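# I would like the atomic coordinates for the input below:
(2 chains)
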Number of protein chains: 2
Amino acid sequence: MVDKEKDEMVVTPWEVKGKVDYERLIKEFGTQPITEELLQKIAKHTDKLHLQLRRQLFFSHRDLDVLLNLYDKGIKFVLYTGRGPSGPVHIGHLIPWIFTKHLQEKFKTRIYFQMTDDEKFLVEDELKLEQTRKFGRENALDLIALGFEPEDTFIIFDVEDIDLLYDISLEVAKRITYSTAKATFGFQDSTNIGWIFWPAIQAVPCFIHAKLTGENVPALIPAAIDQDPYWRVTRDIAQKLGYYKPAQIHCRLLPGLGGGGKMSSSEPETTIFTTDKSEAVKRKIWNAFTGGKETAAEQKKIGAEPNICTIFQYYYFLFEERDEKLSEREKKCRNGEILCGECKMDLAERVNGFLAEHQKRREKARNIVEKFHIKR
Amino acid sequence: MVDKEKDEMVVTPWEVKGKVDYERLIKEFGTQPITEELLQKIAKHTDKLHLQLRRQLFFSHRDLDVLLNLYDKGIKFVLYTGRGPSGPVHIGHLIPWIFTKHLQEKFKTRIYFQMTDDEKFLVEDELKLEQTRKFGRENALDLIALGFEPEDTFIIFDVEDIDLLYDISLEVAKRITYSTAKATFGFQDSTNIGWIFWPAIQAVPCFIHAKLTGENVPALIPAAIDQDPYWRVTRDIAQKLGYYKPAQIHCRLLPGLGGGGKMSSSEPETTIFTTDKSEAVKRKIWNAFTGGKETAAEQKKIGAEPNICTIFQYYYFLFEERDEKLSEREKKCRNGEILCGECKMDLAERVNGFLAEHQKRREKARNIVEKFHIKR
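Numbers count the residues shown, from 1 in each chain, chains lettered A, B, ... in the order given. Below is the predicted model of the structure:
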């Protein structure tokens, strides 16, 4: 199931291909691993460590230690994450948002959430602006459905809210040469000029809190690691503009059900969307790539491989909160005591339970989305 | 007075150097000369030809003939011009604005005027955004002082009005590759990414009328010829977006009082600003480069050269409306019947008369500038 092409790792903000080697990413991107010491530091503020930290889904950072030291000295921070609305939201998107909500609650901070309808229009040949804007509005419902509170949650719809972003984006853009942008993002002669400018727009929410409130505090960006290049450039220019460098905390990418690097909307049969119906979820999970053997007999005899199983990843990322139950499942799998069919059916039930609740809250969110809009 | 370096002609939207060869520009830029036939066509609508057409200050065009044919068939057009507010306005800036007002009156059309405070910030290293925005507001007073009527005049302040521009600019930007932008504008690796994007913002007023009114009509852009490269790219993508190609009419550049290509704010002693005091005007004109001889005796004997005289250019561009008086002055100059001192004193008086009136109207404009703002 893992083909040659997929084995070649490519991780940029616009493309994730192949088997992702996270150790290598830390080295190549020049980020810091999240150490035991740093985890202890976080736990001081959050009591028990969140699942996504315990299981090293968030595994890398930039300046999180600096940020926590500032926090201890009374300098708060804001959270910033976002979404490129090129289609419906899938479960992989929810992972860092769920963690962001956890941070918001524990640290009592404001979150800025950027809906990059402009970027997705510029980057995706076939998408129209009205489509990405509509996806942006729809995707916001998924965020709100996770239970964020409006008073501390500020959604920025880039095109609609450009009047809030443009002046800061100019300050940023003036300080980034084409040469730097090319080296960081791999721009080419065929890249359109909107896309080339766009990193300046993505930088703005790192700094917008000071504009809105007069309070100059650092931003912490929880996001999948493929977004890291943006922040390198932003970090380079932050201090020139009189702001703190944004800190980051990077998570792994939830793999698609077919294996491979990242769950992706462009492969709908291996992706569980938040609006999927129960039957579709069952079908997709049933067809998922696992670490199972050719026959049940063989598997009972020699066991399976949870480490390459996408189903197991779903338990690991979101659908088995209890660590001891997760270990038990892993052990049983390796021993051949549990077969793939059982794991799949169990997962489908959990996912459908989760989605039933999510979909209800998502529909309710339609009535209150404006309460979350940065222009409220 | 004309040094070697100045002789090398360079004409781009950001730089004009050397003796400008307008015939060569028509060839190099690939524009059309304004022919006698086209002048007749214009005169049908304007009665007497405007000074700036009679004297070939406007000397080149793109699709003006097409535009007039459409106009004859009942398809109106809008006018679009603008200003890069990097400093105070000088008399050179007023020349195309005066002509634009003439066109507006004769063709009863709306004008969109773009104040490119974002561009000037991105392009000029030393300028702050608050400065270019302030210059924009100040420069608008000069436009209004020329007597434009608010009901048909819409000033766009880019930063303030970005919410009106951004969606169209994205549509434009998506269709311009870096390769095209580089070839057209001479961008380099050291160019900042805001500047690279900016041509998409400059294109927007060509198309904004349809967005605001639902009426899809072509735009006619009267502007100095150094701005031509912008419109080449805009013309290339207009039809892909469902709009008419913008037409253009190009004027010559009023030379500075020191000779050379273009009156420029960066050389204040050879530039007459609209806010200059009477004494400064006299001094600058007194020190101007002329076609005069070393001594009065010599000049009386062999005459002078009005063709290289900056003072004569001022009469030609703006300060001698009567063609026969202009010819008379030229003849007297060539014959040595009039000396430079007399021409200078006479010009200083006319310029100061013009500016006294302009400055009065300019101050009055402070109270009504919002009536001209596109967001009125």
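
# got the residues of chain A near chain B?
Chain A comes close to chain B at residues A:118, A:121-122, A:129, A:159, A:162-163, A:166-167, A:169-171, A:173-179, A:181-182, A:187-197, A:199-200, as judged by C-beta under 8 Å from any C-beta of the partner chain. Using the backbone N, CA and C atoms, a C-beta is placed for each residue, glycine as well.

# check the offset of the helix or strand encompassing A:K134 from the chain's centre.
Applying DSSP states H and E as the criterion places A:K134 in helix A:129-145. Offset of helix A:129-145 from its chain centre (C-alpha atoms, centre = their mean, to the nearest Å): 16 Å.

# if I look at the most far-flung residue of chain A relative to its centre, how far off is chain B?
The C-alpha centroid of chain A is most remote from A:A297, which lies 38.9 Å away (C-alpha atoms, centre = their mean). In this view, A:A297 and chain B are 56 Å apart by C-beta to the nearest C-beta, to the nearest Å.

# and for A:P150?
According to C-beta to the nearest C-beta, A:P150 and chain B sit 23 Å apart.

# residues contacting that residue?
With contact set as C-beta atoms under 8 Å, 6 or more residues apart in numbering or on different chains, A:P150 has these partners: A:368, A:371-372, A:376.

# 10 Å instead, please
Counting by C-beta atoms under 10 Å, 6 or more residues apart in numbering or on different chains, A:P150 makes contact with A:144, A:368-373, A:376.

# any idea how far A:K364 lies from A:E357?
Here A:K364 is placed at a distance of 11 Å from A:E357 (C-beta to C-beta, to the nearest Å).

# for those two, list the residues in contact with both.
Residues touching both A:K364 and A:E357 (C-beta under 10 Å, 6+ apart): A:A145.

# right, and A:R334 touches A:K293 too?
No - A:R334 is beyond contact range of A:K293, at 11.9 Å (criterion: C-beta atoms under 10 Å).

# now do the shared contacts for the two.
A:302-305.

# which of those sits closest to chain B?
Chain B has its nearest neighbour among these in A:E305, at 44.7 Å by C-beta to the nearest C-beta.

# report the contact partners of the nearest residue to the closest one once chain neighbours are set aside.
Closest residue in space to A:E305, ignoring its immediate chain neighbours: A:G291 at 3.2 Å, by C-beta to C-beta, 6 or more residues apart in numbering or on different chains. By C-beta under 10 Å, 6+ apart, the contact set of A:G291 is A:259, A:299, A:303-312, A:333-334, A:340.

# you'd agree A:F29 is up against A:R232?
Yes - with contact defined as C-beta under 10 Å, A:F29 counts as touching A:R232 (7.9 Å).

# between these two, which contacts overlap?
Common contacts of A:F29 and A:R232 (C-beta under 10 Å, 6+ apart): A:R62.

# how many residues are close by the nearest residue to A:C340 once chain neighbours are set aside?
Spatial nearest neighbour of A:C340, chain neighbours left out: A:G292 (4.0 Å); criterion: C-beta to C-beta, 6+ apart. Per other C-beta atoms under 10 Å in any protein chain shown, the neighbour tally for A:G292 reads 23.

# next one, pLDDT for A:G292 please.
Residue-level confidence at A:G292 comes out at 95, pLDDT.
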